[in-house]
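Colleague: have a look; sequence and predicted model below, questions after that.
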Amino acid sequence: GAMNVLRREVQIQLRKHNYPFVCKRKADVRKNKQKNNNGPAASAAQVAAAAAPPPAATHGVDPSPLPEREVKIIDFSNKVYVAPLTTVGNLPFRRIMKKMGADITCGEMALAENLLQGQPSEWALLRRHPCEDVFGIQIASGFPDQFTRAAELIEAEVRASVVS
């Protein structure tokens with residue numbers, strides 16, 4: 001059967017915005033500390049700093065990396081790598097490509113926002129067959145916080161060799 005199928009309980013957590021993201025919890029703790037430092041005796045500078053939006057580069061999410069893990073080095077030299085961006089890279093097509101000699105397969109481009117909302121059509125792009133021994137996932141987003149949460153979600157819920 002297919003791998004990387006979104007579990008129902010994870011989909012519900014994503015849709016209700018209850019998924020236990022580590023990166024989001026760190027950002028929430030930092031926000032609460034800023035609020036608590038703004039009691040009645042807070043200076044004008046503290047109030048202004050707390051009212052200012054978070055830096056544009058992080059959109060309020062802690063940019064620190066996820067915990068380190070062992071990384072497997074993939075040798076791309078002299079390999080056939082099938083990585084379509086959209087439309088033709090579905091699971092049946094990739095299985096045919098494996099039968100025809102592809103060494104590395106990659107799913108179609110998935111939008112981080114839709115993955116974070118638990119949309120089944122977007123999660124279908126991450127599905128893989130057991131014959132896809134080296135499998136890549138392509139993620140697109142315009143915001144660093146979405147990339148951070150999508151990376152954490154993929155690390156926890158998906159088996160992939162490459163994420164780009």
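Modeller: Structure's in. What do you need? Numbering: from 1, shown residues only.
Colleague: immediately after the longest strand seen in the chain, which helix or strand?
Modeller: Using DSSP state E to define each element, the chain has its longest strand at strand 104-111. Per DSSP states H and E, the first helix or strand lying C-terminal to strand 104-111 is helix 112-116.
Colleague: what residues does that following helix touch?
Modeller: Identification of contacts with helix 112-116 by CB atoms under 8 Å, 6 or more residues apart in numbering yields 14, 121-123, 126, 139-141, 143, 146-147, 149-150, 153-154. Quick note: C-beta positions are derived from backbone N, CA and C, even for glycine.
Colleague: are we agreed that Lys98 is in a helix?
Modeller: Yes. Checked against DSSP: H, G, I helix; E, B strand; the rest coil, Lys98 lies within a helix.
Colleague: so what's it scoring on pLDDT?
Modeller: For Lys98, the pLDDT comes out at 93.
Colleague: which non-adjacent residue is nearest it?
Modeller: Using CB to CB, 6 or more residues apart in numbering and skipping residues adjacent in sequence, the residue nearest Lys98 is Cys131, 5.1 Å away.
Colleague: please report how far that neighbour lies from Asn4.
Modeller: 14 Å (CB to CB, to the nearest Å).
Colleague: the two - which one has more neighbours?
Modeller: Between Cys131 and Asn4, counted using other CB atoms under 10 Å, the more crowded position is Asn4 (21 against 11).
Colleague: returning to what we had before: out of the contacts of helix 112-116, which is most surrounded?
Modeller: Most neighbours among the contacts of helix 112-116, by other CB under 10 Å: Leu126, with 26 neighbours.
Colleague: any idea how far it lies from Ile73?
Modeller: 22 Å.
Colleague: now do the contacts for Tyr103.
Modeller: That one is not Tyr; residue 103 is Asp. Neighbours of Asp103 in contact, by CB under 8 Å, 6+ apart: Lys79, Val80, Tyr81, Val134.
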